[in-house]
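S.K.: Sharing a sequence plus its predicted fold:
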Amino acid sequence: MIVSVASGKGGTGKTTVSASLAWVWERPAVAVDLDVEEPNLHLFLRPDISWRKGASMEIPVADPAKCTLCRKCSELCQFKAVSVMGKKLLVFPEMCHGCGGCLAICPEGALSSGRRKLGVVEGGRTKNGQFLSGRLRVGEAMSPPLMREVKFLLDAMLESSGTDAILDCPPGVSCPAVNAVMDSDVIVLVTEPTPFGFNDFVLAVEAFAPLGKPMGVVINRAGLGDSTLHRYCADKSIPVLCEIPYNRSIAEEYAAGNVLAAMNPWLEGLFAELRDNVIRMARAAGAEAAHA
C-alpha cells in the first residue's frame, strides 16, 4: 500500500503527520520524503543514511559543425530549450524538460545526449523502517524529474520487499504535488480549520479528485476557526480521519523536531487510530473496485 500525505499549502503539519504515521505503522514500510525542494522528514525520523547518489536528467548537447539549421528541433521544443538564432544553433540546458524529442528528430545527428545535475537521492533506515529521500540541487527549477527518480527506486524497493510506503508529498496543487500522489492507493490531506487552510484544502480536493483515489482529511490545530471545514467534508463525503488539537505542548514538540506519536500514549493512540482509518479506507476502496 502506498499512502500519500499531502496538503494544499505548506505549514499545515503534513510532515508532522507523515513522521507519526510512519512511527505507528505496524507493517514494514518505507518513509519517503518526496518534498524534494525542501525535504525535512529526516529532521523528525533521524535516519541513519547508508547511501547517497547523484541524480541527473538527459539534455541535448549541440554540435554546430553538423547542424544544417533545418530548425526541426527548435520547432518541436515547446520550452524553447533549443533555438536557432541567425545561423547559430543554441541550447539552453536549464529550460530543457528532458523529453529527448530534439535528439530523436535531428536528421544530422547535430544533437547528442548530455546530462544536467538535478540533485541527490539518499536512503537508509529509521528506528521503524526504511527511509528514502530526494534533495533538489540549489537553483534547479524542475522537481518532477528528481521525484520520478526517487519513485523509480521506491518501486524497486517495494517490489523486492513487499513493504508499504508513506510519502511526504510536496505542498500545493501544481505539477509536483500531482506527480507525487498519482501512484498512491490512498491520499491523506492535512489541513487546518482557518480561512487560508480551508481555501487551499478545497483547491487540493479539486486537483486530486480526478485521480479517483480515496481521500481522507487530517485536521491539524483542531479548535481554531469555525465549522466550515467540517461542513465541506460532510457535503463532499470526505472522511475526517483524525483531529490533532491546537495545543502549545504539541507545537513545542514539533519545534524540537520530535515525533508526536512518540510524545505520549494519548498521541500514539491518536495516530494509531489514523493508521487504522487509512487502512480501512484503502480496503473499502479496493472492495468497491472489485465490485465495479
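M.R.: Great, that's in hand. Numbering: from 1, shown residues only.

S.K.: Strands along this protein, start to end?
M.R.: Using DSSP state E, the strands of the chain run over residues 2-6, 29-33, 48-62, 82-85, 88-91, 111-125, 130-136, 164-168, 186-191, 215-222, 240-245.

S.K.: okay, these in CSV with mean neighbour count, distance to Asn179 and mean pLDDT next?
M.R.: Where you see a C-beta, it was placed from the backbone N, CA and C, and this is true even at glycine. Formatted as CSV, these follow (neighbours: other CB atoms under 10 Å; distance: least, CB to CB, whole Å; pLDDT from 0 to 100):
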stretch, mean neighbour count, distance to Asn179, mean pLDDT
strand 2-6, 27, 11, 96
strand 29-33, 26, 13, 96
strand 48-62, 15, 14, 95
strand 82-85, 16, 24, 92
strand 88-91, 16, 25, 92
strand 111-125, 17, 14, 95
strand 130-136, 23, 12, 96
strand 164-168, 25, 11, 96
strand 186-191, 27, 13, 97
strand 215-222, 24, 17, 95
strand 240-245, 20, 23, 95
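
S.K.: Same list (these) but as TSV, adding distance to Glu273.
M.R.: Formatted as TSV, those follow (distance: least, CB to CB, whole Å):
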stretch	distance to Glu273
strand 2-6	15
strand 29-33	17
strand 48-62	29
strand 82-85	54
strand 88-91	54
strand 111-125	26
strand 130-136	24
strand 164-168	16
strand 186-191	13
strand 215-222	11
strand 240-245	6
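
S.K.: and Ala255, which of the ones you listed is closest to it?
M.R.: Relative to Ala255, the nearest member of the strands of the chain by CB to CB is strand 215-222, separated by 14.1 Å.

S.K.: tell me what that closest one is packed against?
M.R.: Counting contacts by 3 or more CB pairs under 8 Å, 6 or more residues apart in numbering; DSSP states H and E, strand 215-222 packs against helix 14-24, strand 186-191, helix 195-208, helix 228-236, strand 240-245, helix 265-291.

S.K.: which stretch among these comes nearest Glu58?
M.R.: Glu58 lies closest, by CB to CB, to one member of those: helix 195-208, at 28.6 Å.

S.K.: got the phi/psi numbers for the residue nearest the centre of the chain?
M.R.: For the chain, Cys169 is the residue whose C-alpha lies nearest the centre (CA atoms, centre = their mean; 2.8 Å). Per-residue torsions, Cys169: phi -90, psi 160 (degrees, to the nearest 10).

S.K.: residue contacts, it?
M.R.: Listed by CB atoms under 8 Å, 6 or more residues apart in numbering, the contact set of Cys169 reads Ser4, Val5, Ala6, Ser7, Lys14, Leu34, Asp35, Ala177, Ala180, Val181.

S.K.: can we see that at 6 Å?
M.R.: Ser4, Ala6, Leu34, Ala180, Val181 (CB atoms under 6 Å, 6 or more residues apart in numbering).

S.K.: Let me see the contact set for Gly101.
M.R.: Applying CB under 6 Å, 6+ apart to Gly101 gives the contacts Leu76.

S.K.: typed the wrong thing, it's Leu211
M.R.: Applying CB under 6 Å, 6+ apart to Leu211 gives the contacts Met182.

S.K.: How far off centre is the lowest-mean-pLDDT helix or strand in the chain?
M.R.: Ranked by mean pLDDT, DSSP states H and E, the helix or strand of the chain with the weakest confidence is helix 265-291, at a mean of 85. Remark: helix 265-291 is offset 20 Å from the chain centroid, using CA atoms, centre = their mean, to the nearest Å.

S.K.: try stretch 237-248
M.R.: Stretch 237-248 sits 21 Å away from the centroid of its parent chain (CA atoms, centre = their mean).

S.K.: Just the CA atoms of it, as CSV, please.
M.R.: Extracted C-alpha coordinates of stretch 237-248, given in CSV (Å, rounded to 0.1, in the frame of the first residue of the first chain):
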residue,chain,number,x,y,z
SER,A,237,-18.3,12.8,1.7
ILE,A,238,-14.6,13.2,2.7
PRO,A,239,-14.0,11.3,5.9
VAL,A,240,-12.2,13.1,8.8
LEU,A,241,-9.6,10.5,9.7
CYS,A,242,-8.1,12.3,12.7
GLU,A,243,-8.1,15.7,14.5
ILE,A,244,-4.9,17.0,16.2
PRO,A,245,-5.8,19.5,18.8
TYR,A,246,-4.4,23.1,18.9
ASN,A,247,-2.1,22.7,21.8
ARG,A,248,1.1,24.6,22.9
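
S.K.: Run through who's touching it.
M.R.: For stretch 237-248, contacts defined as CB under 6 Å, 6+ apart pick out 215-224, 233, 274, 277.
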